[in-house]
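sequence below, structure please.
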Amino acid sequence: MMPTKDENKRTKAVFYYDIISPYTYLYIHQRHRLDEQLEIEPIPILLGGLLRATDNRGPGEVAAKRPHTYQHCVWLAEKLGIPLHFPKHHPFQTVSAQRLLTQLGANWQMVEKAFEYVWVQGKDPNLTWPEFCQYLGVDCSTPKPDSPQIKAQLMANTEQARCIGAFGVPALSFNGHCFWGLDTIDWALEYLNRPNMFQEPAYQSVCNIPSGL
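All right, here's what the predicted structure looks like:
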C-alpha cells in the first residue's frame with residue numbers, strides 16, 4: 001500500500017525501549033498523541049548497558065527511590081486509566097526478551113504485546129519463556145536467542161541510543177534531539193510546532209552553564 005500524502009509529511013523518529021521500564025509501558029499507551037506528526041520506529045536496547053555507559057543508575061537500584069518510583073507508576077496508571085500489574089520481582093533480566101524482539105524486528109504490535117505480558121499479565125519472560133513467545137505470536141518452542149549477530153545488534157542499538165544522547169528509557173529521538181521520559185510527550189509536541197526552540201537564547205544559554213562542583 002502506498003503511503004498517503006499526510007504519512008509522507010511525518011517526521012521520522014526512533015523510540016528506544018526496554019520492557020523492564022514501567023514508564024515506557026505507560027508511554028506507549030499514549031504514543032498515539034504523536035502519530036499525526038511522527039513516524040516512530042521502536043528500537044530495543046538494554047537499559048542496563050545504557051545506564052552503565054552513561055554512568056547512571058536505574059530507580060530500581062536506589063533503595064529510597066525504588067518504592068517511590070513504583071508507587072508513582074501505580075498512581076499514574078490510575079490517573080491515565082491504564083491497567084498495571086507489577087511482576088512478582090523487579091527489576092529482572094531482560095536480555096533474552098530484548099534479543100528476541102531484536103531478532104524478530106518487532107513492530108509496534110509486537111512491542112505492545114511484550115510490554116503487556118510484563119505490565120498487565122505481571123510476568124517475567126525468563127520464568128515462562130514458551131508462554132512469552134506464544135504471547136508474541138511466535139512458536140512456543142522458539143529458543144532464547146544466542147547468535148553473535150543478534151547480540152551484536154542489540155549492543156549496537158544500545159550504543160546508538162547513547163550516541164544520540166539517551167541516558168534512560170523511554171527515549172524518543174528525532175531531528176537531532178532526544179526526549180527522555182514519560183513527561184516529555186508534550187515537550188516533543190511543542191518542539192514539532194516550534195522547530196527553532198533549541199536555537200532560542202534561553203535554551204542555548206543553559207547548555208553553557210559551568211558546573212559548580
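
which parts of stretch 172-192 are buried?
The neighbour-count check on stretch 172-192 (16 or more other Cβ atoms under 10 Å) flags 172-174, 178-180, 182, 184-185, 188-189, 191-192 as buried. From N, CA and C alone the C-beta is placed, and that goes for glycine too.

ok, those residues vs V138, which is closest?
L172 (26.9 Å; Cβ to Cβ).

still on that earlier bit, cross the buried residues of stretch 172-192 against strands and list the overlap.
Counting by DSSP state E, the buried residues of stretch 172-192 place 172-174, 178-180 in strands.

export those to TSV and append columns for distance to H68.
Formatted as TSV, these follow (distance: Cβ to Cβ, whole Å):
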residue	distance to H68
L172	24
S173	27
F174	31
C178	25
F179	23
W180	18
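
give the contact list for Y25.
Y25 sits next to 19, 84, 115, 118-119 when contact means Cβ atoms under 8 Å, 6 or more residues apart in numbering.

mind picking the two most distant members of those residues?
Largest separation among those by Cβ to Cβ: I19 and L84, giving 13.7 Å.

out of those two, which sits in the busier spot?
Comparing I19 with L84 by neighbour count (other Cβ atoms under 10 Å), the higher total belongs to I19, at 24 against 19.

for this protein, which segments are assigned as helices?
5-9, 22-28, 47-53, 65-80, 95-104, 108-119, 129-136, 148-163, 185-193, 201-207 (DSSP state H).

I'd like those as TSV, with mean pLDDT and distance to D35 appended.
Formatted as TSV, the helices of the chain follow (pLDDT from 0 to 100; distance: least, Cβ to Cβ, whole Å):
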stretch	mean pLDDT	distance to D35
helix 5-9	58	10
helix 22-28	98	12
helix 47-53	94	25
helix 65-80	96	17
helix 95-104	98	21
helix 108-119	98	10
helix 129-136	98	22
helix 148-163	98	22
helix 185-193	97	11
helix 201-207	94	26
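
export the ones you listed as TSV, with columns for distance to E36.
Listed next are the helices of the chain as TSV, based on distance: least, Cβ to Cβ, whole Å:
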stretch	distance to E36
helix 5-9	8
helix 22-28	16
helix 47-53	29
helix 65-80	20
helix 95-104	26
helix 108-119	15
helix 129-136	28
helix 148-163	25
helix 185-193	9
helix 201-207	24
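
for K88, which of those is the nearest?
helix 108-119 (11.1 Å).

check which helices and strands the closest one sits against.
Here helix 108-119 touches helix 22-28, strand 38-44, helix 95-104, helix 129-136, going by 3 or more Cβ pairs under 8 Å, 6 or more residues apart in numbering; DSSP states H and E.

relative to W75, which of the ones you listed is closest?
helix 22-28 (10.8 Å).
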